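In: From the sequence below, what's the structure:
(chains A, B, C and D)
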Protein chains: 2
Amino acid sequence: MTTIQDVARHAGVSRSTVSYALSGKRTISTETRERIERAIRELGFTPNAGARALATSQTMVLGLLLQFHEDEFAPAMLQYVLPISMRARELGYDILMVTDPDGPSAIHRIADSHMVDGIVLLDVTAEDPRLDSLRSVGKPGVLLGLASDTAGLDFVDLDFGEAARMLVDHLHERGHRELVLIAPPQHVVERGGTYAWRFRDAAVERSARYGIQIHCYHGESRQPAIAESVNRILDTHPTATGLIVHNDATVAALPSILRERGVRVPEDLSVVSLYSRDFGEEFSLPYTAVDSAADELGRQAVSRLISRITTPVEAGPPIVRFVTPVLRDRGSTS
Amino acid sequence: MTTIQDVARHAGVSRSTVSYALSGKRTISTETRERIERAIRELGFTPNAGARALATSQTMVLGLLLQFHEDEFAPAMLQYVLPISMRARELGYDILMVTDPDGPSAIHRIADSHMVDGIVLLDVTAEDPRLDSLRSVGKPGVLLGLASDTAGLDFVDLDFGEAARMLVDHLHERGHRELVLIAPPQHVVERGGTYAWRFRDAAVERSARYGIQIHCYHGESRQPAIAESVNRILDTHPTATGLIVHNDATVAALPSILRERGVRVPEDLSVVSLYSRDFGEEFSLPYTAVDSAADELGRQAVSRLISRITTPVEAGPPIVRFVTPVLRDRGSTS
DNA sequence: GCCCACTGTCGAACCGGTTCAACAACCCCA
DNA sequence: TGGGGTTGTTGAACCGGTTCGACAGTGGGC
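Out: Here you go, the predicted model:
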């Protein structure tokens, strides 16, 4: 391997001069700079990341903690990972992906050993045990989701309450008086996915204001349970004219379930939902939906994390940022 | 932060003694070791990864290169990522996930800067431009997939030829005389996904040996094109009794397509396929299939990579390893 | 002609570990 | 009782960068 020493020798200058030429932190004469640049090119020099990290206490790496639950719809998580990785690269950072089942100790491992400059947590729950761990390691952290105690940390999440209100409003404007809501599976709520009740409570409250009747159910995460539950729910409420689906797995399976029942959308039933644009394209979902904006959330989380790493004072106190969703009318309501 | 110096001071020994106690590379008296361990516990010491990497030229990090193509079925890739990450952790390594669209230069970036000890490449194509890059950086690399030139690198892949033969045999034993094969999309083959033609060629050759008629088509990667193409293909060959599907997106969409056509499986049509167990569970696919063993492949790739990093001589010359698939009879044939 | 400021470069210290050679202390055996 | 071999510990060098303080050389102002 070639070191900065080799470059310095080859260009006839000292190591520090090369370093300053590289970083631009001191003025270097044009002539010297060109000699150094040529030496770098000819020798094919790339700075050693470990040495640089040691000297600067900056690794230019972000930790990304994923948790995979047996009973979860995995494709949904991928929607966040890619934009996070892309945005990080744009800002000069790499991603250390950690899937350790023991989140709290994984956080300590990568933070205490200074492998990362900051940490992104995906899929946060209300009483997430990783939060205390993250608070104690003294490294910036940004969470995607919402917890009950947000002290000391940055959060980025969709405004699920507003999303629900937008969908109820949309159906209300079209004269619907009885709705069915399929929420995320029971176990997601039990685990502490706050977005589930934030969405549902807002939908219920908004419906009540309009005098709309709304029936709430938990969805399932796997076929064939999904089809069974949807069929059972629709059988139970034959007079409902609007269906709100807040569950990726159910929404992905819905087109074929409805086709099989002979239910036409939107003639027989109006369907609205909540899913990300990418996700909708992947499964070519035709429903009017509030865009869960996974890539927007991922990008914002990384941007905030990095600004907190590089300019902690300007970044100000930790903040909870709710991204306002956008409704995309795909004509699945009447 | 607390350094090895702090620990040494607190335990009343020198830095090197602490280091040896940690690594076990020299004998340390029980009494001293206990004092050191206590100091580590009380001070909460974790070695600085950058410093250690600098001193040992080992980062204990593996690079994982993913490429996301617009037209690809993303969930399938996730099947490899998790087992790779898990196996790496078991062996003490972390994963640097790189999604850079420019693969070759990403390889240079992470290898030349010594951020990783080795590299795993996913989704390799026949003339993958990343291979030359990987060969030139002088770090161990393992590829999932198969390229036309395998010199100097390790490959792990499913034996797609054998997979096809097993499925044709399975249908032949049950008396089928006319088959339809739905292969991966055209563009996958054009991009150089060798598994596509390895599977198809073996299926065609095996069918010919039995005197079975087989019609080959490319599948699609997105709805509603998938349903259209499947319907068109089945309409074209009303007398075919067996369907072989080698395409995740198509296989995921197949149950609802067939139900809608009123085709019963296996009474009207025998269906066999190729997909991973996890993938099948995710979408609850009921078809007799050859298990693509994504987790087995991922784990083997990591194991091999790490043995090549740690014991390059014992690992021997680079090798192409074909994993023999297993057929799981789920009763979708008659 | 002198002083001062500025520009460009350098040497040395430092970041936090690992490892080699050296050495003291002890035990064993002749 | 002295020489040789262990065992346990240490100081110093090293990994490859960054950065601080010093300093030589140049130009400008008076």
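
In: close enough to count as contact, A:D154 and A:S307?
Out: No: in this structure A:D154 lies outside contact range of A:S307 using Cβ atoms under 8 Å: 9.7 Å. Just so you know, the C-beta spots here come from the backbone N, C-alpha and C atoms, and that holds for glycine as well.

In: which is the next helix or strand following the lowest-mean-pLDDT helix or strand in chain A?
Out: Least confident helix or strand, chain A: helix A:277-282 with a mean of 80, by mean pLDDT, DSSP states H and E. Once helix A:277-282 ends, the next helix or strand along the chain (criterion: DSSP states H and E) is strand A:288-291.

In: what number of residues lie near A:G262?
Out: 7 (other Cβ atoms under 10 Å in any protein chain shown).

In: If you could redo that for A:P317, that was the one I meant.
Out: Other residues close to A:P317 by other Cβ under 10 Å number 6.

In: Flag the shaky bits of the stretch 201-334 of chain A, pLDDT-wise.
Out: Counting by pLDDT under 70, the stretch 201-334 of chain A shows no low-confidence range.

In: At which residues are the strands of it located?
Out: Counting by DSSP state E, counting those that start in this stretch, the stretch 201-334 of chain A has strands at residues A:213-218, A:242-245, A:270-275, A:288-291, A:320-323, A:326-328.

In: Given the shortest one, what are its sheet partners and their directions?
Out: Just to be clear, that refers to strand A:326-328. strand A:288-291 (antiparallel) (DSSP bridges).

In: in stretch A:200-219, what counts as buried?
Out: Within stretch A:200-219, the residues that qualify as buried are A:R200, A:A202, A:A203, A:V204, A:R206, A:S207, A:I212, A:I214, A:C216, A:Y217, A:H218, A:G219, counting by 16 or more other Cβ atoms under 10 Å in any protein chain shown.

In: Would you convert the residues you listed into a markdown table that also reports distance to B:A76?
Out: What follows is the buried residues of stretch A:200-219, written out as a markdown table (distance: Cβ to Cβ, whole Å):
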| residue | distance to B:A76 |
| --- | --- |
| A:R200 | 32 |
| A:A202 | 35 |
| A:A203 | 34 |
| A:V204 | 38 |
| A:R206 | 39 |
| A:S207 | 39 |
| A:I212 | 41 |
| A:I214 | 37 |
| A:C216 | 34 |
| A:Y217 | 31 |
| A:H218 | 28 |
| A:G219 | 24 |
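
In: picking up where we left off before, on contacts alone, who are the packing partners of the least confident helix or strand of chain A?
Out: helix A:75-90, helix A:294-310 (3 or more Cβ pairs under 8 Å, 6 or more residues apart in numbering or on different chains; DSSP states H and E).

In: near DNA strand C, which residues of chain A show up?
Out: Residues of chain A that fall close to DNA strand C, judged by Cβ under 7 Å from any atom of the strand: A:12-17, A:20, A:26-29, A:31-33, A:51, A:54-55, A:57.

In: Buried subset of those residues, written for PyMOL?
Out: For the buried members of the residues of chain A next to DNA strand C, the matching PyMOL selection, counting by 16+ other Cβ under 10 Å, is:
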select buried, chain A and resi 13+17+20+28+32+33+51+54
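
In: Show only the entries of the residues of chain A next to DNA strand C found in helices.
Out: A:R15, A:S16, A:T17, A:Y20, A:E31, A:T32, A:R33, A:A51, A:L54, A:A55 (DSSP state H).

In: Make a markdown table out of these and add pLDDT and distance to B:A8.
Out: Shown next, in a markdown table, are these (pLDDT from 0 to 100; distance: Cβ to Cβ, whole Å):
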| residue | pLDDT | distance to B:A8 |
| --- | --- | --- |
| A:R15 | 95 | 29 |
| A:S16 | 95 | 30 |
| A:T17 | 95 | 35 |
| A:Y20 | 95 | 34 |
| A:E31 | 92 | 47 |
| A:T32 | 94 | 42 |
| A:R33 | 94 | 43 |
| A:A51 | 97 | 23 |
| A:L54 | 96 | 18 |
| A:A55 | 96 | 22 |
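
In: Of all pairs in these, which one spans the longest distance?
Out: By the measure Cβ to Cβ, those have their two most distant members at A:E31 and A:L54, which lie 31.5 Å apart.
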